[in-house]
Structure formats: C-alpha cells, structure tokens
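[1] This is the structure alone, sequence omitted:
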Ligand SMILES: Cc1cc2nc3c(=O)[nH]c(=O)nc-3n(C[C@H](O)[C@H](O)[C@H](O)COP(=O)(O)O)c2cc1C
C-alpha cells in the first residue's frame, strides 16, 4: 500500500507548521532519535517500509559493482553519527552516506548551527563537522542489519587547529581512511574537501593540495570506489583543475556538490540575521550544481561517475540532475521541507518520467540533456 500523498498532506498541514516553529537542530535530533528507534526491531522496520517504500525494477542499477535499488540517496550531514543505518532503506532510499566523519571526535561549532530559510527553501548549516569520531562510528557500522543497502562513508578532516596545516590535514584524512579500510567497512568512500565551516577553511580545494592528499590516500591501495565531494562555487576552470586530479588518480567519481557560501546568491530571498553563520543548502544550490554536473559529464562522463546533489525537492528535480549526467542523486533539505515520504514520491515519479521518455531503465536517461544544456 502506498500512502505517500496522504502522508505528505499530513506533513504539510499538521506536522510541518509545528516543527518549523521549533529549533531546527532539536527537530533534527528528534527525527534522528525516532529513526534510530524505528530501526531497532523488525516490526517497526516493516511498518515503516509498508508506509514509505516504493520499489520498481526500472530504477535498479549496478554501478561500480554495487547494486542500487533506486538512485536516490541520503546526502552527507543528516546522519553524522550512523544512527539511521537500520532504517533509511525502509524509508525508500537507494543508498546512504554516513558522516562526514573525522579521525577525531568534534563537538561541533557553537550554536546556532542550523537555521531555516523558509522562503528560499534552504538551510544555513554551521555544524562544522560535528561527529563522534571514526573509532566509535566503525563500531556502530558493524551493527548494520541490511548488508546489501549501499553505504558510503564521507570522510573529512578533523576540525581542529592541529589539522589546519597541509601535512597535518593529510595525516588526519589518512588515519581516518586507513581505519575504515582496515575494518572493511562501507561500500564506497567519499573524501569531503568542501566543508565551508571548519578551522582553516577548505585547504584541499587547490589542485596541488588535492594531489598531495590523493597521492597519500591512494597509497593505501583502497579497493572500494572513492568519490570526492566537490565545492559548489568554484569557477569552471578551477573546478576542472580539481577534476583533472581526480581523474589522474583514477578515483571512481565525484559528488557535485556542497553548500553555497555566497550570500549574494540571488535565490537567497530570506533576510539572514548577522549571527547566523554557515553554508546554505536547498534551492539556492540547485542550478549551480546542475551546471557543474552537465559540464563534468560532457568532459568526463566516461571516466567519472557523478552523484548529483543540491536542491532536489521533487521527481522532476532528481530527473533533471540525472538527464544532465548524474548516475545517482542525493538530498537532505527537500526531505526536511516536504516530509519523509518524498523519497518514495521521487522514485515513483521517476518511473513515470522515464516511461514518458520511452526508457526501460533509469540508466538510459543519464546525461542525455547535458550537451544541449551547456550549449544554451
Ligand atoms: C544539516 C546539514 C549538514 C550537512 N553536513 C554535511 C557534511 O557533514 N558533509 C558534507 O559533505 N556535506 C554536508 N552537507 C551538505 C549536503 O550533503 C548537501 O551537499 C547539500 O545540503 C545540498 O543538498 P540539499 O539541497 O539536498 O540539502 C550538509 C547539509 C545539511 C543540510
């Protein structure tokens, strides 16, 4: 039984008006706790599945040797401490990303760390890589129940003074990747070089420093696919110079992209108070990420798998990113604004959209609009 529309209506009319009056971080923690509890036993897992899940063979893909039941994943930052690993598959996600995690634990930047931009349909995010650290997270990941639900571990540099030199930063990433590789945890890894809210900024977003980092990390002979989470607002030439390094080190792909930093972005229509720091998610990221996805696909479509993220609120939004070159997509903000049934709604909508275009599988749509889009 699929009750997505009814759940969506209830979320919009009854739940969201109350939740959006409360502190956003408290609401996030509440949902994380509910999700963690729901994941603890088979009865609550199957009830969640009954209410939310949607399955269709047309959405299944095998990418880099990993089977995805659908292309919609949870993006990094919602499940920082691996609390939701036993529930997200039942909500309808095709894969998830834990983290970003870091080698050492960090309690997070001072509050406020999350702020809603209701009119702009975005969030201001200032967590600064809050997480319990790789050692504890590995122990939690060992308890993942559904082994065939793909999980990516997003790894960033510990947010502290000691890691703010290039050498210190590389060593910190290295230790963290080494631990997850040695424990053989996760299906693929993401190196997050684009968190805007950290000590020392984003030092690995120049080609020289990214190269030094990847040289060290690839010395670990990681057999699982590695992605790089890209910064969103670099000019194309600078972005491309990072892609060249990713290709040079034969990584599997890129996630395009992270948060908006530029507050002059014309899609930010809410007035943001002075004390609210951080990067911006949601709709203000949508077109910027689409353009980078299309350009990356046209130049590197045969060499890099692209995961598209930023401002997905509907099946049409997800399909657009896929047609521009994304093999998989991820989201967070859309789910917060529209409700947890959005994942099933997107998947159901994607099936209708690919049928309309005459495709028998979602993979046939990847990149078909990329060339036209960038030549406009
Ligand atoms: C609350 C929150 C926390 C985030 N934390 C991370 C993070 O730790 N690592 C990361 O790579 N991206 C992080 N992001 C960025 C998202 O993964 C994503 O790239 C961005 O929000 C755009 O997607 P969306 O519009 O669907 O939210 C975070 C985003 C949000 C909203």
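    Yep, it's here. All of these numbers come straight from a predicted model, not from anything done at the bench.
[2] Can you identify each of the helices in the stretch 151-300 of the chain by residue range?
    Counting by DSSP state H, counting those that start in this stretch, the stretch 151-300 of the chain has these helices, from start to end: 166-182, 207-218, 236-248, 286-300.
[3] tell me what the longest one is packed against?
    Using 3 or more C-beta pairs under 8 Å, 6 or more residues apart in numbering; DSSP states H and E as the contact criterion, the neighbours of helix 166-182 among helices and strands are helix 134-141, strand 151-155, strand 188-192, helix 207-218. Glycine gets a C-beta too; all of them are placed from N, C-alpha and C.
[4] Enumerate every residue touching the residue of the chain found nearest the ligand.
    Residue nearest to the ligand within the chain: residue 77 (2.0 Å; C-beta to the nearest ligand atom). For residue 77, the contacting residues are 99-100, 125, 127, 332, taking C-beta atoms under 8 Å, 6 or more residues apart in numbering as the criterion.
[5] before we move on, the earlier item: most tightly packed of the helices of the stretch 151-300 of the chain?
    helix 286-300 (a mean of 22; mean count of other C-beta atoms under 10 Å).
[6] Past it, which element shows up next along the chain?
    Per DSSP states H and E, helix 286-300 leads on to strand 305-309 as the next helix or strand towards the C-terminus.
[7] Nearest to residue 325, out of the helices and strands packed on helix 166-182?
    strand 188-192 (17.9 Å; C-beta to C-beta).
[8] could I get the helices of the stretch 151-300 of the chain as TSV with distance to the ligand and mean pLDDT?
    Formatted as TSV, the helices of the stretch 151-300 of the chain follow (distance: least, C-beta to the nearest ligand atom, whole Å; pLDDT from 0 to 100):
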stretch	distance to the ligand	mean pLDDT
helix 166-182	13	95
helix 207-218	15	96
helix 236-248	15	98
helix 286-300	7	98
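[9] rewinding a little: export the helices and strands packed on helix 166-182 as TSV, with columns for distance to residue 255.
    As requested, those are arranged in TSV below (distance: least, C-beta to C-beta, whole Å):
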stretch	distance to residue 255
helix 134-141	19
strand 151-155	9
strand 188-192	6
helix 207-218	14
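[10] nearest to residue 164, of those?
    The closest approach between residue 164 and any of the helices and strands packed on helix 166-182, judged by C-beta to C-beta, belongs to helix 207-218 at 12.3 Å.
[11] so that closest one versus strand 151-155, what angle?
    Orientation of helix 207-218 against strand 151-155 (axes from the mean of the first three to the mean of the last three C-alpha atoms, to 10 degrees) gives an angle of 130 degrees.
[12] and helix 207-218 with helix 236-248, angle?
    On the basis of the same axes, to 10 degrees, helix 207-218 is oriented at 20 degrees to helix 236-248.
[13] what's helix 207-218 packed up against?
    With contacts defined as 3+ C-beta pairs under 8 Å, 6+ apart, helix 207-218 has these neighbours: helix 166-182, strand 188-192, helix 236-248.
[14] Doesn't residue 82 belong to a helix?
    No. With DSSP: H, G, I helix; E, B strand; the rest coil as the criterion, residue 82 is located in coil rather than a helix.
[15] Just give me the neighbour total for it.
    Number of residues near residue 82 (other C-beta atoms under 10 Å) recorded here: 26.
[16] for residue 224, same thing?
    Residue 224 is surrounded by 18 other residues when neighbours are defined as other C-beta under 10 Å.
[17] What of residue 365?
    Using other C-beta under 10 Å, residue 365 has 19 other residues around it.
[18] do residue 205 as well
    Counted by other C-beta under 10 Å, the residues lying close to residue 205 total 18.
[19] One more: residue 53?
    20.
[20] Relative to residue 111, which of the helices of the stretch 151-300 of the chain is closest?
    helix 166-182 (24.8 Å).
[21] Residues touching that closest one, excluding its own?
    With C-beta under 8 Å, 6+ apart as the test, helix 166-182 has contacts from 101-104, 134-135, 138, 153, 155-158, 162-163, 186, 189, 191, 200, 203-204, 209, 212-213, 216-217, 220, 222, 224.
[22] Let's see that with 6 Å instead.
    When contacts are taken as C-beta atoms under 6 Å, 6 or more residues apart in numbering, the neighbours of helix 166-182 outside the stretch itself are 103, 134, 153, 155, 157-158, 162-163, 186, 203, 209, 213, 216-217, 220, 222.
[23] List the residues that contact the residue nearest to the spatial centre of the chain.
    By C-alpha atoms, centre = their mean, the mean C-alpha position of the chain lies nearest to residue 75, the distance being 2.1 Å. With C-beta under 6 Å, 6+ apart as the criterion, the residues that contact residue 75 are 97, 309, 330-332.
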